[in-house]
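J.: heads up, no residue letters with this:
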């Protein structure tokens, strides 16, 4: 049986480059040897708390050094990490603890109130990272190395945002995560040991965990943590620490492009990766103009470890697309309306994006029916609609369930958003479908005005008419100070729909 552990990513660096700077957070600077020493000490403490290989340990922490140390400690002990989103309510944390069967909750002091209430309710033991964990680790016998696991054993359980009902736990194996980190570091991008990456994406989320943490360390590069994202602060920190690699979601690129004008110096960025949601081409252009750096947009889901496709230097980047599948991964387009089988479509046809490869999860924890619906004929059905052109470039058109059907015509919100983002008075926009007696659904644009702009709803509709087909332009325009974002920085369209329907 093949064996493997995510913990090897850190252990191997401690062997190969022990004195290399691995982690920077504020004034704290740790080498790979120091991070691994701390992780082994914590793993010893976990063993002392009766955590056994295969047990599930919940981890609730922001982007401070506590997160990677505890993450690799749990992996080293042979246990399974259950990352907890920091924006969840007590009831939602309870759901994650109960559903995952976690036996222990490791929590940062900043999250202690919510975590303690959820731990009490579920009877799960809680240990606070910092003083309490440090004392346990100091008294414990550090593990000499990591506990070996089978390659297909679970390593992490990610709770999906639950756009359809309650969040489900996607089970990812050591093989899934180590391969995704390796392929991201060495095949998709050219990550080098002397690179310095900014860790601004939440590490509890699959994108931050695989691409910022595991891939950066897989290449032996340095990770600089930013616990709370603020564009001006991020620019300052990147300049100060010589950061040349930035991973972000579209909202971060919007904020950085806007903040660039007021900055004295800008970082020299070599690798910029966008994911988590579709990046409007207008934002990509704005950012590239300001920073003189290319953005490589990618695509993935918790269920695919998460990276499935990305624009890669070797194939050239094409704005508006998510590039090509990762090395060793197949991403194809299948007939969306056929649910019990995967029927692949030829290039150029619109259908559901399906993924197959070393990155596809083992299934949803304790939910065989949901797993059987998602994994069909050896493919993972993503629920996203897209196309693949003759050159192999993939394009996401929209979520299957976000498509607006107006008067019998399909309207893809993403397409309308792309056009509206070119309006000079608009900083951000989300397009949703609202119930309409005459047309079934009406197109509604929720707009965050650009700083200093006071756009008028009628004027935006008129402007849209010039640039969009008759059935596509928004008849209704609402304004908001900001768009509601979920824990993974995606716009919560269901919340906007509820808000606009009540309004």
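T.: Everything's here; your move. Quick caveat, the model's predicted, so the values are computed rather than measured. Residues are numbered from 1 along each chain as shown.
J.: got a list of what residue 74 touches?
T.: With contact set as Cβ atoms under 8 Å, 6 or more residues apart in numbering, residue 74 has these partners: 43, 46, 51, 57, 59, 80-81, 106. C-beta here means a position set from N, CA and C on the backbone, and glycine is covered the same way.
J.: let me have the residues you listed in JSON lines, adding pLDDT, neighbour count and secondary structure as columns.
T.: As requested, the contacts of residue 74 are exported to JSON lines (pLDDT from 0 to 100; neighbours: other Cβ atoms under 10 Å; DSSP: H, G, I helix; E, B strand; the rest coil):
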{"residue": "43", "pLDDT": "98", "neighbour count": "28", "secondary structure": "helix"}
{"residue": "46", "pLDDT": "98", "neighbour count": "27", "secondary structure": "helix"}
{"residue": "51", "pLDDT": "98", "neighbour count": "21", "secondary structure": "coil"}
{"residue": "57", "pLDDT": "98", "neighbour count": "25", "secondary structure": "strand"}
{"residue": "59", "pLDDT": "98", "neighbour count": "24", "secondary structure": "strand"}
{"residue": "80", "pLDDT": "98", "neighbour count": "27", "secondary structure": "strand"}
{"residue": "81", "pLDDT": "98", "neighbour count": "26", "secondary structure": "strand"}
{"residue": "106", "pLDDT": "98", "neighbour count": "29", "secondary structure": "strand"}
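J.: buried sites along the helix or strand bottoming out on mean pLDDT in the chain?
T.: None of the helices or strands of the chain scores lower by mean pLDDT, DSSP states H and E than strand 409-411, at a mean of 87. Buried residues in strand 409-411, defined by neighbour count with 16 or more other Cβ atoms under 10 Å: residue 411.
J.: so what's residue 430 bridging to?
T.: Residues in a beta bridge with residue 430, per DSSP bridges, are residue 446.
J.: do the same with the one 4 residues further on
T.: Under DSSP bridges, the beta-bridge partners of residue 434 are residue 442.
J.: for the residue nearest to the spatial centre of the chain, what are its contacts?
T.: What sits nearest the mean C-alpha location of the chain, by Cα atoms, centre = their mean, is residue 207, with 3.2 Å. Counting by Cβ under 8 Å, 6+ apart, residue 207 makes contact with 201, 247, 249, 275-276, 300, 306, 488.
J.: rerun that using 10 Å as the cut-off
T.: 201, 247-249, 273-276, 298, 300-302, 306-307, 488-489 (Cβ atoms under 10 Å, 6 or more residues apart in numbering).
J.: pick the one among the residues you listed closest to residue 377.
T.: Set against residue 377, the nearest of the contacts of residue 207 by Cβ to Cβ is residue 301 (18.1 Å).
J.: my guess is that closest one meets residue 331, correct?
T.: No: judged on Cβ atoms under 10 Å, residue 301 makes no contact with residue 331 at a distance of 11.3 Å.
J.: spit out the residues that contact these two alike.
T.: In contact with both residue 301 and residue 331: 308, 353, 355, 380, 382, using Cβ under 10 Å, 6+ apart.
J.: now render those as JSON lines, adding distance to residue 86, neighbour count and secondary structure.
T.: Shown next, in JSON lines, are the shared contacts of residue 301 and residue 331 (distance: Cβ to Cβ, whole Å; neighbours: other Cβ atoms under 10 Å; DSSP: H, G, I helix; E, B strand; the rest coil):
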{"residue": "308", "distance to residue 86": "25", "neighbour count": "29", "secondary structure": "strand"}
{"residue": "353", "distance to residue 86": "29", "neighbour count": "29", "secondary structure": "strand"}
{"residue": "355", "distance to residue 86": "28", "neighbour count": "25", "secondary structure": "strand"}
{"residue": "380", "distance to residue 86": "27", "neighbour count": "22", "secondary structure": "strand"}
{"residue": "382", "distance to residue 86": "25", "neighbour count": "23", "secondary structure": "strand"}
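J.: distance of the residue lying closest to residue 326 once chain neighbours are set aside relative to residue 108?
T.: Spatial nearest neighbour of residue 326, chain neighbours left out: residue 183 (5.1 Å); criterion: Cβ to Cβ, 6 or more residues apart in numbering. Note on residue 183: its distance to residue 108, by Cβ to Cβ, to the nearest Å, is 30 Å.
J.: how about residue 9?
T.: According to Cβ to Cβ, residue 9 and residue 108 sit 22 Å apart.
J.: what sits against the closest residue to residue 111 other than its chain neighbours?
T.: Take residue 111 and drop its neighbours on the chain: the residue closest to it by Cβ to Cβ, 6+ apart is residue 60, 4.8 Å away. Going by Cβ under 10 Å, 6+ apart, residue 60 touches 67, 70, 82-86, 88, 93, 96-97, 105-108, 110-112, 114-115, 118-119, 126, 129, 204.
J.: okay, the residue nearest to the centre of the chain: pLDDT?
T.: pLDDT, residue 207: 95.
J.: which helix or strand contains it?
T.: Following DSSP states H and E, the helix or strand that holds residue 207 is helix 206-207.
J.: next helix or strand past that helix?
T.: Downstream of helix 206-207, the next assigned helix or strand under DSSP H and E is helix 215-218.
J.: where in the chain is pLDDT low?
T.: 161-165, 487-488, 503 (pLDDT under 70).
J.: sorry, back to before: so how far is the helix holding residue 207 from its chain's centroid?
T.: Offset of helix 206-207 from its chain centre (Cα atoms, centre = their mean, to the nearest Å): 4 Å.
J.: number the chain from 846, please
T.: Sounds good: first residue 846 from here, last item helix 1051-1052.
J.: leaving out chain neighbours, which residue sits closest to residue 906?
T.: In space, residue 906 is closest to residue 953, 3.8 Å off (Cβ to Cβ, 6+ apart).
J.: what's the neighbour count on that neighbour?
T.: Residue 953 has 21 neighbours, counted by other Cβ atoms under 10 Å.
J.: need phi/psi at residue 949.
T.: phi -150, psi 150 (degrees, to the nearest 10).
J.: what sits against it?
T.: Per Cβ under 10 Å, 6+ apart, neighbours of residue 949: 891, 894-896, 900-904, 919, 924, 927, 942, 964, 969-972.
J.: wait, residue 1319 sits on residue 1286?
T.: No: contact criterion Cβ under 10 Å: residue 1319 and residue 1286 do not qualify, at 11.9 Å.
J.: joint contacts of these two?
T.: Common neighbours of residue 1319 and residue 1286 (Cβ under 10 Å, 6+ apart) are 1256, 1277.
J.: just to revisit the earlier point, quick one: which of the shared contacts of residue 1146 and residue 1176 is nearest residue 995?
T.: Nearest to residue 995 among those is residue 1225, at 21.4 Å by Cβ to Cβ.
J.: noted, bye for now.
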